[in-house]
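Enquirer: I would like the atomic coordinates for the input below:
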Amino acid sequence: SRHSASETRRTIPVLPATSTIDDHTDSRATEDAPPADPAIVANSAAEVNAVVPHGLQVAAAWSWRAILVAALLWGIVWLARYLSEVLIPVAVAILLTALMLPVARLLRKWGLPKAAATAITVLGAVASIVGVLIVIGGQIAGQGPELSTNVVNGFNKLSDWLSNGPLTNWLRNGPLHLNASWLDSSTWVTKVTDFLKASGSTIATYAAEFGAGVGHFFAGLALALFSLFYFIYDGRGIFTFLLNFIPRTSRDRVDQAALRGWRSLASYVRATILVALTDSLGVLIVALILGVPVAPALAALVFLGAFVPIVGALVSGSVAVLVALVALGWPQALIMLGGVILVMQIEGHVLQPFLLGRAVKLHPLAVLLAIAIGIITAGIVGALLAVPLLAFTKSFVVSLAGGSEPPLGRTHPPALPLHRPHLSRSARASNS
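Expert: Have a look, this model is predicted:
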């Protein structure tokens, strides 16, 4: 019995006096639990990444970044359209500043004060434009009676041709068997007159909108002239003030990049002047050979229209064709049309891609695409501003990134190496 009692004492567990078993454990015990091991969290994230394919991860990373960039660009375009009545005159003033700034600097070298040189430059530009318009108006007014007589005679010839010409006979007696009233010019004149009388309210609405547009044009013109004066007078001071919004450590790089972009913009403006001069000279030569009235005025009109890429030369050239038609007849008008088409082909396939592209260091395809996108986005004004904006942005970004633009014709290095360059043991040890 003594032996069994001792074994019983050895087998019965003895709990310490301070140890108690309570089903209602204090909740603070769970709060004081140690945090999860970071290694375990990293392992779980690695397991998730292992489940998702690597290509899908890369696509997702690119996707949300592309969405953010697209949203930012859309916001910029929306804001530019909302403030177009202010931004367009300022943009035009910047382009004119790039053209006229060398003239103002030359006047300063001759000893003129800064304000006087700026005023002479701006007023001289305005006087030149007004002078061209006066020449155009004077020639049109001087030859107005002759042109009006030619217009009446041309309209009568056209009406007679539509009534008794070979095309009219074919339409009447051919497979279409059109009624004679469809080919009668007086019938169409009556229909057009009735349509204009019935659309009086619509025409009045369009006239009111046109009047408002003219008011906005003159307001924008005044804003552009004021902006042009101050950009030439103190453009550097204005840009220096804007640099205060850039972090101090990046101001020098931004300043150098902006100067590089400004040189590209100035090169574009000078190249556009050469393109416009070539277009006007081509139309002037053809018009003088044919004896088209008001040929210098038509050349000046083509010169002004060529500042709008593609569209401007087409519209101003069509005016020359119409003048040749009413003043000289169909053969001369067709020859004039051929000359305008030749000038446009030279501009579109030679001058625009190569001269403008070389001036702003852009590929010809980039120039054409920029013009197309500008037309789609903002019409003629967008076409006028698209290429200089692209030129400035490209030079600014390349310079800001620390790169240099290679000369045209040289092969660009690959963006990424095709193989990993050979590293020495010490370099591999430092990388590891």
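
Enquirer: Tell me, how many residues neighbour Gly317?
Expert: 26 (other Cβ atoms under 10 Å). C-beta: built from backbone N, CA, C; applies to glycine.

Enquirer: ok, now Leu72?
Expert: Leu72 - counted by other Cβ under 10 Å - has 10 other residues nearby.

Enquirer: mind starting the numbering at 346 from now?
Expert: With the count now opening at 346, the last piece we talked about shows up as Leu417.

Enquirer: For it, pull up the helix or strand it's in.
Expert: helix 399-427 (DSSP states H and E).

Enquirer: Give me the next element, helix or strand, following that helix.
Expert: helix 429-454.

Enquirer: List the buried residues in that following helix.
Expert: 433-446, 448-449, 452 (16 or more other Cβ atoms under 10 Å).

Enquirer: same deal with stretch 616-627?
Expert: Neighbour-count burial for stretch 616-627 [16+ other Cβ under 10 Å]: 616-617, 620-621, 623-625, 627.

Enquirer: With stretch 572-580 instead?
Expert: Buried, per 16+ other Cβ under 10 Å, within stretch 572-580: 572-574, 576-578, 580.

Enquirer: Just the ones in helices from the residues you listed, please.
Expert: 572-574, 576-578, 580 (DSSP state H).

Enquirer: Where does confidence bottom out across those?
Expert: On pLDDT alone, Gly580 ranks lowest of these, at 88.

Enquirer: So what's the model's average confidence on the helix or strand harbouring Leu659?
Expert: According to DSSP H and E, Leu659 maps onto helix 656-672. Average pLDDT, helix 656-672: 80.

Enquirer: got it, and stretch 554-561?
Expert: 77.

Enquirer: for stretch 711-722, same thing?
Expert: Here the average pLDDT along stretch 711-722 is 80.

Enquirer: Buried residues of that stretch, list them for me.
Expert: 711-713, 715-716, 719-720.

Enquirer: do you know how far Gly420 is from Val414?
Expert: Computed as Cβ to Cβ, to the nearest Å, the Gly420 to Val414 distance reads 11 Å.

Enquirer: before we move on, back to that, adding pLDDT, distance to Arg426 and secondary structure as columns, could you present the buried residues of stretch 616-627 in TSV?
Expert: Formatted as TSV, the buried residues of stretch 616-627 follow (pLDDT from 0 to 100; distance: Cβ to Cβ, whole Å; DSSP: H, G, I helix; E, B strand; the rest coil):
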residue	pLDDT	distance to Arg426	secondary structure
Ala616	82	28	helix
Thr617	82	24	helix
Val620	84	28	helix
Ala621	86	28	helix
Thr623	87	33	helix
Asp624	87	30	helix
Ser625	88	32	helix
Gly627	88	36	helix
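
Enquirer: Please save the CA atoms from stretch 624-644 in CSV.
Expert: Provided in CSV are the C-alpha atoms of stretch 624-644 (Å, rounded to 0.1, in the frame of the first residue of the first chain):
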residue,chain,number,x,y,z
ASP,A,624,3.2,78.9,-103.1
SER,A,625,2.5,82.5,-103.8
LEU,A,626,5.3,82.8,-106.4
GLY,A,627,4.1,79.6,-108.2
VAL,A,628,0.5,80.9,-108.4
LEU,A,629,1.7,84.4,-109.4
ILE,A,630,3.8,83.0,-112.3
VAL,A,631,0.9,80.9,-113.7
ALA,A,632,-1.5,83.8,-113.3
LEU,A,633,0.8,86.2,-115.1
ILE,A,634,1.4,83.8,-118.0
LEU,A,635,-2.3,83.3,-118.5
GLY,A,636,-3.1,87.0,-118.0
VAL,A,637,-5.5,86.5,-115.1
PRO,A,638,-6.7,89.8,-113.6
VAL,A,639,-5.5,90.9,-110.1
ALA,A,640,-2.7,88.4,-110.2
PRO,A,641,-0.6,90.1,-107.5
ALA,A,642,-3.6,90.2,-105.2
LEU,A,643,-4.3,86.5,-105.8
ALA,A,644,-0.6,85.8,-105.0
